[in-house]
Structure formats: structure tokens, C-alpha cells
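# Sharing a model prediction with you, sequence too.
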Amino acid sequence: MQDSRNIVTPLLFAVLAVACVALAVGDLLIGTTNISFGDVWSVLCGTAEDEGLRTIVMRMRLPKIIVATAAGMALSASGLQMQTLFRNPLAGPYVLGVNAGASLGVALFTLATPMLGIAAMPWLVSFGVTGMAWIGSAAILLLVMSLSRKIRNINTILIVGMMLSSAISALVGILQYMGTDESLKAFVVWTMGSVSTVTIEQLRLLVPVVVVGLVLAIAVVKPLNMLLLGESYARTMGLNVTRSRALIFLSTTLLAGTVTAFCGPIGFIGLAMPHLARITFRTADHKVLMPAAILWGGVSMLVCTIACDIVARSGVMLPVNTITSLLGIPVIIYVVLRNSNRR
């Protein structure tokens, strides 16, 4: 049994890696304008003479693929950390209130500033939605991390995060009620999520931050394995739970907070893909689960972007959240039913 698992696990990793590359190539070819593989190859090699072709591939499709892959990997890794830390299969990357904090930051920028008449201030305009979303996420993280130093019970932190999210949602609701039609539309569009609006300049910030977050996520796989049996057990094994919590919270905010800031709130990927990793690899060892979840996250987001591109051919532009929901909800329903049958 162990020998067969030693063979199957690398094979599954190879399949996921090949699928990720194949989907990325497919996403370069598929869109509102069909481009042949030869043309894409000539652009990537720098030999293409068509300026329009170079613009489509290098400034539109390739950045979108990089953003989608990074977003999927980041959300999936952060979701796995939260599910293990809280020992809750329905915990996701936004359980700490990161999404709510980002929403509040964006709401203050898009809804509140026009009411105050300060939207035209140059420094504020240059800071933009992304900066305000990141500040909102970071503020919630600092608050949760400070509370976690005083709270030993991890479930209490979960409840605090939920209450913070509810309170922030109420504030955002008030701002929506008071906002203008134009500002309300801008906020609603942000909440739908998008991987195609990130510029190359923003990409230079997004990718390094996500890489740092993923490195932290991989660095805490041993503490995550110890936390599987509860914090009390982990403490008896010599784990510094407070420090491990802080690292996990920091990794989650770097990952989920950054993706939310640049792409908007993308649902279900961080909740469903860790479960898909558990189902396919049939293990609870985070040394396997973490890279598996990361690969599944990249594959799933690339599938979603290709689906959006195919639909776009008919002239209908779907927000990425609609596809991620259709992809993630069946996985969650399966997990819930499977867990209920075991009881």
C-alpha cells in the first residue's frame, strides 16, 4: 500500500503540473480573437512583427494568466491554512475578516470619498482601490493578531473574526445606501472579481507578495501538521502556538489580502480546492497537501478564466466569481454530504 502511494503521489503532482501548463497555453490561444500556437510562440520568442498581436499576447493575455494562476494558488494555500488552524472544513481564506476589511477600504474609496467631495485629490486617486483594499485587509489582520495574543482558544478568534466581518458589512451597507449611482456601480463591479484588470505595473507587486506568502505557507507545514490534533496537543509537543498562529495569519493576509486587493473578492476557490487536494491525494500530511492545494488552485482559476473567455465570444462578459462559484459549490456540497454520512 505504501509503495503504491509512493508512486501515485508523484504521478498526481505531475498530472496537475502538466494540466496547469496546458491550461495556461490554452488560455493564450483562446479568447475573443483566436490566435494560433505558432503566432503565440513567435510573440514569446520576440520574432513577431504584428504589433497588435504582441499587445494581445504580452499585455492582455499573459498578465491575465499570471494573475489567475497566482490568485488561485494564493487563495487555495490560505484556505488550507485556515481550515487546519480552526479545524473547520468550512473555513476559508476570508474567515479572519480579510475580505470584509478590503471591502471596507474599497467602500470608503468608491462610496465615501465622492460624498465628501475629495475623490479628485491627486494622491488619493493614485492610491486607488487596490491601496485602500490592502490597508483594510492589513488593519483587520493587525487587530486579529493583537487579539490572538490574549486569546488562547482558537474558536474564540474565529467568532471574533465573524463578528468583525458582520460589523464591517453593516458599515459597508450604510455606505452603499448613501452612495451615488456611479460610485455604487464601481463598488459592485469590484465585488464581482476580475483577473483581467491588473496592469503589468501592478503585477510586479502582486507576484512577489504572493510568492512571499506561499513561502511562509510552505514554511509552516510542520506546525500545521501538529495543529491537526489541536492546540493543546501541539503545545505538549513543544510548538510555540502563538508564534505559529502569527505566521499563519501573516501568510493568509499576504495571500488572500493581496489577491482581494488586486482582483476583488474571489469566492469558493480557497474553500473548495483544499478539499479537492485531500480527496485526490488521500492524505492529511501538509507536506503533500500544501503543494497539492497550490497546484489545484492554479488549475481551477485557469479553468475559470478559459470558461470566461469562451463565453466572451458570444459578447457576454461574465465576472470570474460566477464561474468560481459553479466550480466550487459542488465540491463543498460533496464534502458536507460525505462528512454527514460518516457520523
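Nice, thanks for sending it over.
# And for the host helix or strand of Leu206, what's in contact with it?
In the assignment (DSSP states H and E), Leu206 maps to helix 200-219. By Cβ atoms under 8 Å, 6 or more residues apart in numbering, the residues outside helix 200-219 that reach it are 59, 63, 66-67, 70, 73-74, 77-78, 80-81, 130, 198, 247, 250-252, 254-255, 258-259, 262, 290-291, 294. Backbone N, C-alpha and C define where each C-beta goes, glycine included.
# Buried subset of those as a ChimeraX selection?
Here is the ChimeraX command that selects the buried residues among the contacts of helix 200-219 (16 or more other Cβ atoms under 10 Å):
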select :63,66,67,70,73,74,77,78,80,81,130,198,247,250,251,252,254,255,258,259,262,290,291,294
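# quick one: which of the contacts of helix 200-219 sit in helices?
Applying DSSP state H to the contacts of helix 200-219, the entries found in helices are 63, 66-67, 70, 73-74, 77-78, 80-81, 130, 247, 250-252, 258-259, 262, 290-291, 294.
# Report the spatially nearest residue to the spatially most central residue of the chain, omitting neighbours in sequence.
When Cα atoms, centre = their mean is applied to the chain, the residue found nearest the centroid is Leu75 (2.8 Å). Leaving out its chain neighbours, the residue that sits closest to Leu75 by Cβ to Cβ, 6 or more residues apart in numbering is Gly270, at 3.7 Å.
# From Gln81, how far out is the one you found?
10 Å (Cβ to Cβ, to the nearest Å).
# again with Ala133
Distance of Ala133 to Gln81, computed by Cβ to Cβ: 20 Å.
# what's the answer for Gly101, then?
Distance from Gly101 to Gln81, by Cβ to Cβ: 18 Å.
# go on, Thr324?
Taken as Cβ to Cβ, the span from Thr324 to Gln81 is 19 Å.
# quick one: buried residues of stretch 205-225?
Quick answer for stretch 205-225 (16+ other Cβ under 10 Å): 206-207, 209-210, 213-214, 216-217, 220-221, 223-225.
# looking at it, the residue nearest to Leu75 is touching Ser78, isn't it?
Yes. The criterion here is Cβ atoms under 8 Å, and Gly270 meets it with Ser78 at 5.7 Å.
# Between these two, which contacts overlap?
Counting by Cβ under 8 Å, 6+ apart, the residues touching both Gly270 and Ser78 are 93, 256.
# Where does pLDDT dip in the stretch 151-300 of the chain?
Nowhere does the stretch 151-300 of the chain drop to pLDDT under 70.
# can I get the CA coordinates of stretch 208-226 in PDB?
The C-alpha trace of stretch 208-226 is given here as PDB (Å, rounded to 0.1, in the frame of the first residue of the first chain):
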ATOM      1  CA  PRO A 208       6.400  39.000  -5.300                       C
ATOM      2  CA  VAL A 209       4.000  39.400  -2.400                       C
ATOM      3  CA  VAL A 210       2.200  36.200  -3.300                       C
ATOM      4  CA  VAL A 211       5.500  34.300  -3.600                       C
ATOM      5  CA  VAL A 212       6.500  35.500   0.000                       C
ATOM      6  CA  GLY A 213       3.100  34.400   1.300                       C
ATOM      7  CA  LEU A 214       3.400  31.000  -0.400                       C
ATOM      8  CA  VAL A 215       6.900  30.500   1.000                       C
ATOM      9  CA  LEU A 216       5.500  31.300   4.500                       C
ATOM     10  CA  ALA A 217       2.700  28.800   3.900                       C
ATOM     11  CA  ILE A 218       5.200  26.100   3.000                       C
ATOM     12  CA  ALA A 219       7.400  27.000   6.000                       C
ATOM     13  CA  VAL A 220       4.500  26.300   8.400                       C
ATOM     14  CA  VAL A 221       3.600  22.900   7.100                       C
ATOM     15  CA  LYS A 222       5.100  21.200  10.200                       C
ATOM     16  CA  PRO A 223       3.200  23.400  12.700                       C
ATOM     17  CA  LEU A 224       0.000  22.800  10.600                       C
ATOM     18  CA  ASN A 225       0.600  19.000  10.900                       C
ATOM     19  CA  MET A 226       0.900  19.400  14.700                       C
END
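# which outside residues touch stretch 223-236?
By Cβ under 8 Å, 6+ apart, the surrounding residues in contact with stretch 223-236 are 80-81, 84-85, 87, 152, 154, 237, 239, 241, 244, 247-248, 284-287, 290.
# Show me which of the residues you listed are buried.
80-81, 84-85, 154, 239, 241, 244, 247-248, 286, 290.
# follow-up on the earlier one: ok, the residue nearest to the centre of the chain to Ala112 distance?
Separation of Leu75 from Ala112 (Cβ to Cβ): 28 Å.
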